[in-house]
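> Prediction below, plus the sequence it came from.
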Amino acid sequence: MEEFALAVGLSRPTVSKYFQDAGSVRPKIRARIEQGLAATGFRPNLFAVNLNRRRSKIVGLIFPNSLDPFYMGLRRRIETQATESGYLSFAFSSDGRPELEAEALETLARLNASGVVMAPVGGDAAHRARVKALARTMPIVFVDSAFDAEEAFVGTDNGQTMGLITDYLTRFGDRPCYFDMPPVTPNGPARRAAYEATMRRRGLDPVFVPLRPSLTWDFERYAFEETRHLLATEGFPTRIVLCANDRLAFGVLAALNQAGRRIGIGPDCDMRVAGHDNQPLSDYMWPPLTTVQQNTAEMGRIAIEMLLARLEAPAEDPQDRPPDHRLIPGELVLRASA
């Protein structure tokens, strides 16, 4: 930057001021710098700039699965708002593995990142202590799944959303059986508990689909194979299946369709299937999937606003911050599958 400042005949602080906020320098000076940029092709090294600052303009994003449409929607909303606020966003995928999650956090710490928005994957006590220690030096806002009662969190109100769809499905004269997700995210137990509580509130015993244990994130394949296994053995406990998420429901629908089972609400139908999340493909399955809409845009907006508010607030010990947990309600989406 010193060489570029010399080339355009300006001081280094003036040139630096332009790169921080081009509108803060006089129009004639701005034109002079931009002519110099066009002639030389100079661009500041953002990594060097960030390392030289007490606090960088980098925000990290860490999600368990970069291909999941839910996380893709969250990332898009967060990145847009971060950019509008003058921050660069770097996204990492933990692939559902605590060791990759820790590696991503440490990489962001080395980059002097301002803060992180992260969907946690859980992990053992040692991993959680590691994350907790990093949260004391670098603000972290957790999304989708709460890390603990102390750390900032924004996510879907699973009690409200799962209660909503369970309550709806109990009105068809048969109990909805619950197709649980593999235990790879804290959302699983929360949704299962909400299903159980709603069934008991309705005076019904919960019914769980017997599933073989797995730790996969490949929910569609897992549900497809488990459904084929069930159809070849004891079958589903009831004619109404409530899946813990839409990706599981996609696998269930595919296996039932291949087996020639009719799915829907007509008198000639064999099964009803519902999900949770309202993934983008839910409207294009056959039949289209009844589910619950998560407000991804609102979740992403609140998460980045919570993080930016912490970055703008006076420095304080994270232990002095009051717990900030935000739960976003969802809406029932009725389609032909149930």
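Perfect, thanks for sending it. Numbers count the residues shown, from 1 in each chain.
> Helix, strand, or coil at residue 234?
coil (DSSP: H, G, I helix; E, B strand; the rest coil).
> Can you read off the pLDDT for residue 214?
pLDDT, residue 214: 95.
> Relative to residue 12, how far out is it?
58 Å (CB to CB, to the nearest Å). Where C-beta positions appear, they are placed from N, C-alpha and C, glycine not excepted.
> Spit out the contact partners of residue 118.
The neighbours of residue 118, taking CB atoms under 8 Å, 6 or more residues apart in numbering as the test, are 60-63, 101, 105, 140-143.
> where does this structure have its least confident helix or strand?
Between all helices and strands in the chain, the lowest mean by mean pLDDT, DSSP states H and E belongs to helix 46-52, at a mean of 59.
> Other residues contacting the following helix or strand past that one?
Scanning forward in sequence from helix 46-52 by DSSP states H and E, the next helix or strand is strand 58-63. Applying CB under 8 Å, 6+ apart, the contact partners of strand 58-63 are 50, 71, 74-75, 78-79, 82, 87-94, 101, 104-105, 108, 111-119, 304, 307.
> Those residues in strands, which ones?
The strands, defined by DSSP state E, take in 88-93, 115-118 from these.
> Looking at these, which one is closest to residue 234?
Ranked by distance to residue 234 (CB to CB), the ones in strands among the contacts of strand 58-63 are led by residue 93 at 37.2 Å.
> Thought residue 75 was touching that closest one, still the case?
No: using CB atoms under 8 Å, residue 93 is not in contact with residue 75, being 10.1 Å away.
> Tell me who's in contact with the most centrally placed residue in the chain.
The centroid of the chain falls nearest to residue 71 when counting by CA atoms, centre = their mean (4.1 Å). Residues counted as contacts of residue 71 (CB under 8 Å, 6+ apart) are 63-65, 119, 144.
> For ChimeraX, write the selection for the buried entries among the contacts of strand 58-63.
Here is the ChimeraX command that selects the buried residues among those (16 or more other CB atoms under 10 Å):
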select :50,71,74,75,78,79,82,87,88,89,90,91,92,93,94,101,104,105,108,111,112,113,114,115,116,117,118,119,304,307
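> who's more crowded, residue 214 and residue 12?
More neighbours surround residue 214 than the other of residue 214 and residue 12, with 16 against 13 (other CB atoms under 10 Å).
> what's that one in contact with, if anything?
182, 222.
> For the residue sitting furthest away from the middle of the chain, which non-adjacent residue is spatially closest?
In terms of distance from the mean C-alpha position of the chain, residue 9 ranks first, at 48.2 Å (CA atoms, centre = their mean). With CB to CB, 6 or more residues apart in numbering as the criterion, residue 9 has its nearest non-adjacent residue at 7.8 Å, and that residue is residue 32.
> other SSEs contacting the helix or strand harbouring the one you found?
Taking DSSP H and E as the criterion, residue 32 maps to helix 27-40. If contacts are counted by 3 or more CB pairs under 8 Å, 6 or more residues apart in numbering; DSSP states H and E, helix 27-40 sits against helix 2-8, helix 12-20.
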